[in-house]
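Engineer: Whatever this is, show me its structure:
(2 chains)
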Amino acid sequence: MHRTRKTAVIGAALATTAITLSSFGVAAQDASPAASADAMASTGYAELDQAMSADQPLAGTQVSIQTQWRGAEGEGFAAAFAPFVQATGINVVPDIIGTSHETTLRARVQGGAPPDMAMLAQPSAIVQYGQEGSLVDIASFMDVDALAANHANIGAYEDGDSLWGLPYKVDVKSVVWYPIPAFEAAGYEIPQTWDELIALSDQIVADGGTPWCVGIGAGTATGWQTTDLVEGALLRLSGGDVYDQWVSHELPFNSPEVKAAWDLAGEIYFTPGYVLGGNTAITALDQTTPMDPMFQGPDGVVGTEDDDLTNPGCWMHTIPFWYGPDFFPDQRANPGTVSKFIVGEDVGIFPLPPVTPDLVPALSSGDAAIVFNDRPEVRAFTEYLSTQEGIEGWTKLSGAVSAITDVPAEWYQGNYESEVASDILANATVSRFDASDLMPPTVGQGSFWTEAVDWIAANGENTDEVLQAIDDSWPQ
Amino acid sequence: MTGLAPDKEPFGWRGLLLPLGAVAGLAGVVLALVFLADSQASANVAAWFYDLIGNPEEAALLRAGTGNRLLAKVIIMVVALAVGVGGIWMIYTGFNVLVERLGDPWTRRLVPWVFVGPCLLLLTVFLVWPAISTVLLSFGVEVRLIPPSVEVVSGAGLSDWEWGLFNSQNHQIYWNNVIWLVVGTAGSVGLGLVIAWLFDRVRRESLAKTFVFLPMAISLVGASVIWRFVYAWRPGGSSQYGLLNGIWTSLGGEPVAWIQTPPLNTYLMIVILIWLQTGFAMVVLSAAIKGVPVEITEAASLDGASERQKFFSIIVPMIRGSLITVTITVAIFVLKIFDIVYVTTGGNFDSDVVANQMYLQMFQFLNNGRGSVLAVVLFVAVLPLMILNVRQMRRQGIR
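Structural biologist: Have a look, this model is predicted:
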């Protein structure tokens, strides 16, 4: 007993000494001379240009940024800011929080120790943070008019003269994943209008298949996919102005236009024979698994040797771009390996078609950078994120779509997903930001989701009650 | 360092040494706490170290607020350990020494406060004050102490209470909590009691009881994930990996989405709770049952009592105290249930409970007022059980 205590004390002392000594070594490295010169031209932003000058005055300082980007997205973001670290010597440290990103951020902000910056996807939450006084006004060190000229959806983050969020990355929604070999073998064409989509679904049913894979289970976030479908339907039926009125609640949920949008979404969900597993599957399946039957191959079982896309159990899956290939069944089962199914060759993506040719919509959401602590190096990083170079590494690596609208089109070539996304953005006649991210959180991340789940559970028969309930929940 | 009786203490350097040492020690604790609270202070000390070993650039960076803070963090860690262990000892001993120098009537009055004082202070700061401020927050009044400010959220007033008490969705939530309370508590305690009584005569008693008790080692979230797999659903025709649906379909039925079906999903989630909590009830009640003198049960058998009569007329009344305590403990735990609902259904499908909705209001909808209302409702609901618990402890002689 005495000997073990003595050993423990000595061990602790040694460990402390080792940590202390190694910290000197690490400190010595940080204070070493600056890295080689940058490749970025002068940007016109004072802090950024100064940071990138040859003597790198801010070298050794640190900027922490909290994001939700793990795995492939994390690698993409790291590739995006690597040139900045190289050019300025400023150490960018991402805090990668997983599913509880928003909760953790809120706790850190309310606890008075926020990260220097964060990436957040909900403009309503960003504006709320800004109004609470937790954020640094980006308008105080950047020119908002210059930003507005080429940054998509920047209006969502403005509040009077203040700009609380800097749009960084865009996620285009309303796309459908489909099995290319199976479509070719059966002679199906990519539908160009909504009617063709319904006709294709009927054709698949007539041929003995099940057209739609749908699964929206996501714990407390269950229902967000349905809100995307309804928002896309409203854009297709009624256009941008009606959409804006709906977002600001000038147009209530129980109006005929919004009800028509829900009914349009219901065409996919509730037409008998359309969804594999019926409306039960929609809420019972976790959102990472509904596309599995597409890969089942001739033996009809997913996860076996003969998995391919020639015998899909269900033919179409509408979910944003982030789904594949991370959640293809073989990559999900073997996290370290890459899926053998290539997006663009085996699995394709087509945009959810418009209803009428004059209303070709693009529905997107996006991540914006918000600033909590005002320091020169934080300003420099924010300014970097507002330039094209700020996302170039990610776009070149895995096709991230920038919020900057005049990015060279060649950047998106060669990556199937970003080609499809940029085509959607380019061809759209009406382009809008995800409504549930713009509505107050009580509705947009609350009743809109939960009532959608109730609507599905009732097989779409209680649309009026659901819409009334969402209206009633709107904060006064 | 226990004090010598003051009136026998000789005046002189030893007489002054103890109290001076106590004062110095307490001052040191306060200084250490101030040092810990100021993040720049540790960086300055680390900078002093760097100056000492001849690295002035790093020292300058540290003083400026950036640089490699690893050494500073190690310093904070060492100081925190010293304060945590030595400081607490210092507080008790130091105040004890000082109080004992005051002379007899004062010593007797103050010594209890020396030992209870720090606990009372911590309880006030971390328990009483948050309770008060939550109640105020539910009425829309936000009170901060550092810096002192009172802010009334305009327009809130009683509207959050109106929502909390009269909204029909909240009625569903409260009703769910009642179901959890009644079925969950009765299930866990009842099953624990029956198992404790039956296993009393089993040959491999400790082995059997270990299997019943084992689920208590699993976290609520882990248990919910396990049981989600048991309740999992796949479309009809595909192979079912959910145990329940596997059995159900092999008996010829269509797979049922158990978790998505109200009100069955609430009861199925209560099964998870019973699976977890029965072990606790069983252990406590088993000890109580073993405390019943065996002569009484033998006498009852000789008088011709059946097992049922023995159980209900002798065992249960004799373990009444433990039974009540276990029931109240489990009931308080069940009222606060959150993890199981959050992981299994997320509150959807009419299965929401107060704690889950409180979390959503607070962190997902960013609505402090409504979250506080639900917190106060939960507090008021648990209060009668706490009062019962205290009365029960008093009756058992714990004053």
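
Engineer: Quick one: check the helix or strand harbouring B:L20 for contact with chain A.
Structural biologist: For B:L20, the enclosing helix or strand under DSSP states H and E is helix B:13-37. No. Helix B:13-37 does not reach chain A (C-beta under 8 Å from any C-beta of the partner chain); its nearest approach is 12.3 Å. The C-beta positions use only the backbone N, C-alpha and C, and glycine is treated the same way.

Engineer: helix or strand right after that helix?
Structural biologist: Downstream of helix B:13-37, the next assigned helix or strand under DSSP H and E is helix B:39-52.

Engineer: and whichever helix or strand comes after that next one, what other elements does it pack with?
Structural biologist: Per DSSP H and E, the first helix or strand lying C-terminal to helix B:39-52 is helix B:56-64. In terms of contacts (3 or more C-beta pairs under 8 Å, 6 or more residues apart in numbering or on different chains; DSSP states H and E), helix B:56-64 is packed against helix A:2-30, helix B:39-52.

Engineer: picking up where we left off before, for the record, mean pLDDT for the helix holding B:L20?
Structural biologist: Helix B:13-37 carries an average pLDDT of 83.

Engineer: That one packs against which elements?
Structural biologist: Under the contact criterion of 3+ C-beta pairs under 8 Å, 6+ apart, helix B:13-37 touches helix B:39-52, helix B:70-81, helix B:88-100.

Engineer: Please name every helix or strand in contact with the shortest one.
Structural biologist: What it means is helix B:70-81. Using 3+ C-beta pairs under 8 Å, 6+ apart: helix B:70-81 touches helix A:2-30, helix B:13-37, helix B:39-52.

Engineer: Report the separation between whichever residue of chain B sits closest to chain A and A:Q296.
Structural biologist: Among all residues of chain B, B:P235 sits closest to chain A, at 3.3 Å; criterion: C-beta to the nearest C-beta. Per C-beta to C-beta, to the nearest Å, B:P235 is found 12 Å from A:Q296.

Engineer: before we move on, what about A:N279?
Structural biologist: Taking C-beta to C-beta, one finds A:N279 at 22 Å from A:Q296.

Engineer: Looking at the two, which is more packed in?
Structural biologist: Between A:N279 and A:Q296, counted using other C-beta atoms under 10 Å in any protein chain shown, A:Q296 has the larger neighbour count: 23 against 20.

Engineer: Identify the residue nearest that one in space, chain neighbours excluded?
Structural biologist: Among residues not flanking A:Q296 along the chain, A:V302 sits closest, at 4.8 Å (C-beta to C-beta, 6 or more residues apart in numbering or on different chains).

Engineer: quick one: secondary structure of the one you found?
Structural biologist: Assigned by DSSP: H, G, I helix; E, B strand; the rest coil, the conformation of A:V302 is coil.

Engineer: There's contact between B:W227 and B:I272 in this structure, I believe.
Structural biologist: Yes. Using C-beta atoms under 8 Å, B:W227 is in contact with B:I272, at 4.7 Å.

Engineer: got any residues that touch both of the two?
Structural biologist: Common contacts of B:W227 and B:I272 (C-beta atoms under 8 Å, 6 or more residues apart in numbering or on different chains): B:T344.

Engineer: before we move on, back to that, weakest of the helices and strands packed on helix B:56-64 by average pLDDT?
Structural biologist: Note on these: lowest mean pLDDT is at helix A:2-30, with a mean of 48.

Engineer: immediately after it, which helix or strand?
Structural biologist: Downstream of helix A:2-30, the first helix or strand assigned by DSSP H and E is helix A:46-52.

Engineer: so how far is that next one off the chain centroid?
Structural biologist: Put simply, helix A:46-52 sits 30 Å off its chain's centre (C-alpha atoms, centre = their mean, to the nearest Å).

Engineer: Who are the packing partners of the next helix or strand along the chain from it?
Structural biologist: With elements assigned by DSSP H and E, the helix or strand that comes after helix A:46-52 is strand A:62-67. Helices and strands touching strand A:62-67, by 3+ C-beta pairs under 8 Å, 6+ apart, are strand A:91-96, helix A:101-110, strand A:117-120, helix A:376-385.

Engineer: Do me a favour and average the pLDDT over the last one.
Structural biologist: In this model, helix A:376-385 has a mean pLDDT of 93.

Engineer: who's in contact with that helix?
Structural biologist: A:43, A:45, A:47-48, A:50-52, A:58, A:61-63, A:65, A:81, A:84, A:88, A:90, A:92, A:116-117, A:136, A:138, A:141-142, A:166, A:168, A:369, A:371, A:390-391.

Engineer: what's the spacing between it and its chain's center?
Structural biologist: The answer for helix A:376-385 is 22 Å, by C-alpha atoms, centre = their mean.

Engineer: which residues are in contact with the next helix or strand after that helix?
Structural biologist: Next along the chain after helix A:376-385, taking DSSP H and E as the criterion, comes helix A:389-398. Applying C-beta under 8 Å, 6+ apart, the external contacts of helix A:389-398 come out as A:40, A:72, A:75-77, A:79-84, A:168-169, A:384-385, A:400-402, A:404, A:407, A:411-412, A:415, A:418.

Engineer: Using PyMOL, define a selection of the buried residues within those residues.
Structural biologist: This is how PyMOL selects the buried members of these, with burial counted by 16 or more other C-beta atoms under 10 Å in any protein chain shown:
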select buried, chain A and resi 40+76+77+79+80+81+83+84+168+169+384+385+400+401+402+404+407+411+412+415+418
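
Engineer: Grab the nearest non-local neighbour of A:E451.
Structural biologist: Nearest non-adjacent residue to A:E451, counting by C-beta to C-beta, 6+ apart: A:V466, 4.6 Å away.

Engineer: Then A:G348?
Structural biologist: Nearest residue to A:G348 in three dimensions, chain neighbours excluded: A:I180, at 4.6 Å (C-beta to C-beta, 6+ apart).

Engineer: ok, now A:E75?
Structural biologist: A:E75's closest residue in space is A:L397 (C-beta to C-beta, 6+ apart), at 7.0 Å.

Engineer: Show me what counts as buried in the helix or strand of chain B with the lowest mean pLDDT.
Structural biologist: Here the helix or strand of chain B ranked lowest by mean pLDDT, DSSP states H and E is helix B:56-64, holding a mean of 75. Judged by neighbour count using 16+ other C-beta under 10 Å, the buried positions of helix B:56-64 are B:E58, B:A59, B:L61, B:L62, B:R63.

Engineer: Could you single out the nearest of these to B:L374?
Structural biologist: If you rank the buried residues of helix B:56-64 by distance to B:L374 using C-beta to C-beta, B:L62 comes first, at 45.4 Å.

Engineer: Just the CA atoms of the helix or strand containing B:T297, as CSV, please.
Structural biologist: Here B:T297, judged by DSSP H and E, is contained in helix B:294-302. Presented in CSV, the C-alpha positions along helix B:294-302 are these (Å, rounded to 0.1, in the frame of the first residue of the first chain):
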residue,chain,number,x,y,z
VAL,B,294,-37.3,-15.8,10.3
GLU,B,295,-39.1,-17.0,13.5
ILE,B,296,-42.2,-14.9,12.6
THR,B,297,-42.6,-16.5,9.2
GLU,B,298,-41.9,-20.0,10.6
ALA,B,299,-44.5,-19.4,13.2
ALA,B,300,-46.9,-18.3,10.6
SER,B,301,-46.2,-21.5,8.6
LEU,B,302,-46.8,-23.6,11.7
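
Engineer: Point me to the residue of chain A nearest chain B.
Structural biologist: Taking C-beta to the nearest C-beta, chain A has A:G277 as its residue nearest chain B, at 3.3 Å.

Engineer: Kindly tell me how buried that residue is, as a neighbour count.
Structural biologist: Under the criterion other C-beta under 10 Å, the count of neighbours that A:G277 has is 26.

Engineer: ditto for A:P211
Structural biologist: Residues near A:P211, counting by other C-beta under 10 Å: 25.

Engineer: Might one say that it is in contact with A:H317?
Structural biologist: No. If you go by C-beta under 8 Å, A:P211 and A:H317 don't touch, sitting 10.2 Å apart.
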